[in-house]
Each structure stands twice: as structure tokens, then as C-alpha cells.
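In: heads up, no residue letters with this:
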């Protein structure tokens, strides 16, 4: 049973690293959007392609305020933190109990 526990522990760690990286990608995208970047820049294109599938549904669900502030990155960051705290910790706890 320890093999399954080790596998789940590895899954939890990889998922935690991937979510942390995505957290920072969202933050960089939000910061870059403040400076009116060149849309042909490869880094800007990568940030757009990596975050838009998550941010677009949030934008449709979240009403835009009259000031034009986009709160979708904040909601996405909170969702990533929730998944890290709930799902990753639950998988890690399950892995620990299987050992």
C-alpha cells in the first residue's frame, strides 16, 4: 500500500508546483496588462494563451464595474489558492494515511 501512498504524494507535490507556477503566471499577466504591452511579443502571447481559458469564463460570470477594473485575475488566484489548500492537501493527507 505504500507504493500507492508514494504515488499520491508525488501527484500532490507535482500538482502543488504546477498550481504555484500558474499562480505566478496569472500575477505576471495582470502586471503586464497595466503597461499596454506589444501583442506580438512572444511572452505576452504566451501569457495570453496560458491564462485566457481560465480568465474568460470568470469575466463572463463576474460583472465589470463602471471603473473598468478587471477582477478576474484576483478571482482566479483565489481559486488556485483554494485548490492548493483543499485538493492538494487532501491528496497529501490521503497519501500519508496510506503509508
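Out: Nice, I can see it. None of these values were measured; they are calculated from a predicted model.
In: how far out from the middle of the chain is stretch 92-99?
Out: Relative to its chain's centre, stretch 92-99 lies at 24 Å (C-alpha atoms, centre = their mean, to the nearest Å).
In: in it, what counts as buried?
Out: Neighbour counts over stretch 92-99 (16 or more other C-beta atoms under 10 Å) mark 92, 95 as buried. Every C-beta, even on glycine, is put in place using the N, C-alpha and C of the backbone.
In: same check, this time on stretch 50-63
Out: Neighbour-count burial for stretch 50-63 flags 50, 51, 54, 55, 58 (criterion: 16+ other C-beta under 10 Å).
In: what's that stretch in contact with?
Out: Applying C-beta atoms under 8 Å, 6 or more residues apart in numbering, the external contacts of stretch 50-63 come out as 22, 25, 26, 29, 70, 71, 72, 73, 75, 76.
In: just the buried residues of the residues you listed.
Out: 22, 25, 26, 29, 72, 73, 75, 76.
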